[in-house]
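Asker: Mind looking at a prediction? Sequence and model below.
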2 protein chains.
Amino acid sequence: MGNVVIDVMLKPEILDPQGQAVNGALPRLGFDQFTDVRQGKRFLLTVDGEVTDEVLEAARKAAETLLSNPVIEDVVSVRAEQDVDASRAEQDEKDPGR
Amino acid sequence: MGNVVIDVMLKPEILDPQGQAVNGALPRLGFDQFTDVRQGKRFLLTVDGEVTDEVLEAARKAAETLLSNPVIEDVVSVRAEQDVDASRAEQDEKDPGR
C-alpha cells in the first residue's frame, strides 16, 4: 500500500488570514522566534499497489485540477511516501529524546 | 532566512469529511487509482536566522499546543526547510518535462 502526499499553499501574494491569526497568537504564548506563518493544505492519497510514475502523474493532475485553485494556490509538492508512519519514524530518529 | 514545516493530520480513527468529499470526487473526474484521501494542514513558519535545534523545539511545542488539537489531530512532522522554493525545485528535478 502506497501513499502520495500533496502539499498546497496559498500563493505568496495572497492574503492568508489563518496564517496571520496563528502568527498573532504565537508571541502571546511565548513563541517569539517566528516572523511569519502561512497555512496550507496537505492531502494524503492512498493507492492499493505501489506508487508508480503513472500514479504520481495522476496525482499531479488531480492536484492541479481538483485539490488546488490555481488562481490563488500553488501545488508545492507531489511525492510518494512509502508508509504513513515513515515521516514520523524519521522525525523520532532526528529527535530520539522524544 | 529559514523555514519550519509542520504537518498536522486528523487521527486515523477520526472521520474526515473533507477527505471523503475529495475521495468521492476523484473517480468522477477520471482518477480511479486512489482508494482513500485524508486532508490535513501544513504550516510554514519563518524565522529570521537559521533553523537551530531551539527553533525546532519551539516549533514542536507550538505544534502540540497551538497548531493542533491533540484530541483529534496528530502532529505528523516538524522539520526544517532551507528555502520555500526548495521542495518545488526538487519536484521539477523529478519531473523535468513540466
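Answerer: Sure, I can see it.
Asker: Direction included, what does the host helix or strand of A:Val4 pair against?
Answerer: Using DSSP states H and E, A:Val4 falls within strand A:2-10. Paired with strand A:2-10 in the same sheet, following DSSP bridges, are strand A:34-47 (antiparallel), strand A:73-81 (antiparallel).
Asker: Just the mean pLDDT for that strand, thanks.
Answerer: For strand A:2-10, mean pLDDT rounds to 97.
Asker: With stretch A:41-51 instead?
Answerer: The average pLDDT within stretch A:41-51 is 96.
Asker: what about that stretch, distance to the chain center?
Answerer: From the chain centre to the centre of stretch A:41-51 is a distance of 13 Å (C-alpha atoms, centre = their mean, to the nearest Å).
Asker: Report the buried residues of it.
Answerer: A:Lys41, A:Arg42, A:Phe43, A:Leu44, A:Leu45, A:Thr46, A:Val47, A:Val51 (16 or more other C-beta atoms under 10 Å in any protein chain shown). All C-beta atoms are positioned from the backbone trio N, CA, C, and that covers glycine.
Asker: Once you drop chain neighbours, what's closest to the third one?
Answerer: To tie it back to what came earlier, the one meant is A:Phe43. A:Ile6 (4.3 Å; C-beta to C-beta, 6 or more residues apart in numbering or on different chains).
Asker: likewise the first one?
Answerer: For A:Lys41, ignoring the flanking residues on the chain, the nearest one in space by C-beta to C-beta, 6+ apart is A:Val8 at 4.6 Å.
Asker: so that neighbour sits right up against A:Ala62, yeah?
Answerer: No: the pair A:Val8 / A:Ala62 is not scored as a contact, 11.2 Å apart, by C-beta atoms under 8 Å.
Asker: A:Thr52: neighbouring residues, count only.
Answerer: 13 (other C-beta atoms under 10 Å in any protein chain shown).
Asker: Check which helices and strands the lengthiest helix in chain A sits against.
Answerer: Determined from DSSP state H, the single longest helix within chain A is helix A:17-28. Helices and strands touching helix A:17-28, as assessed by 3 or more C-beta pairs under 8 Å, 6 or more residues apart in numbering or on different chains; DSSP states H and E, comprise strand A:34-47, strand B:34-47.
Asker: try 7 Å
Answerer: In terms of contacts (3 or more C-beta pairs under 7 Å, 6 or more residues apart in numbering or on different chains; DSSP states H and E), helix A:17-28 is packed against strand A:34-47.
Asker: May I have the following helix or strand past the strand it packs on exported as PDB, CA atoms only?
Answerer: Next along the chain after strand A:34-47, taking DSSP H and E as the criterion, comes helix A:53-62. Coordinates of each C-alpha in helix A:53-62 appear next as PDB, following Å, rounded to 0.1, in the frame of the first residue of the first chain:
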ATOM      1  CA  ASP A  53       5.100   7.100 -12.200                       C
ATOM      2  CA  GLU A  54       1.600   6.800 -13.600                       C
ATOM      3  CA  VAL A  55       0.100   7.200 -10.100                       C
ATOM      4  CA  LEU A  56       2.300  10.200  -9.500                       C
ATOM      5  CA  GLU A  57       1.300  11.800 -12.800                       C
ATOM      6  CA  ALA A  58      -2.400  11.200 -12.000                       C
ATOM      7  CA  ALA A  59      -1.900  12.700  -8.500                       C
ATOM      8  CA  ARG A  60      -0.200  15.700 -10.100                       C
ATOM      9  CA  LYS A  61      -3.200  16.200 -12.400                       C
ATOM     10  CA  ALA A  62      -5.600  15.800  -9.600                       C
END
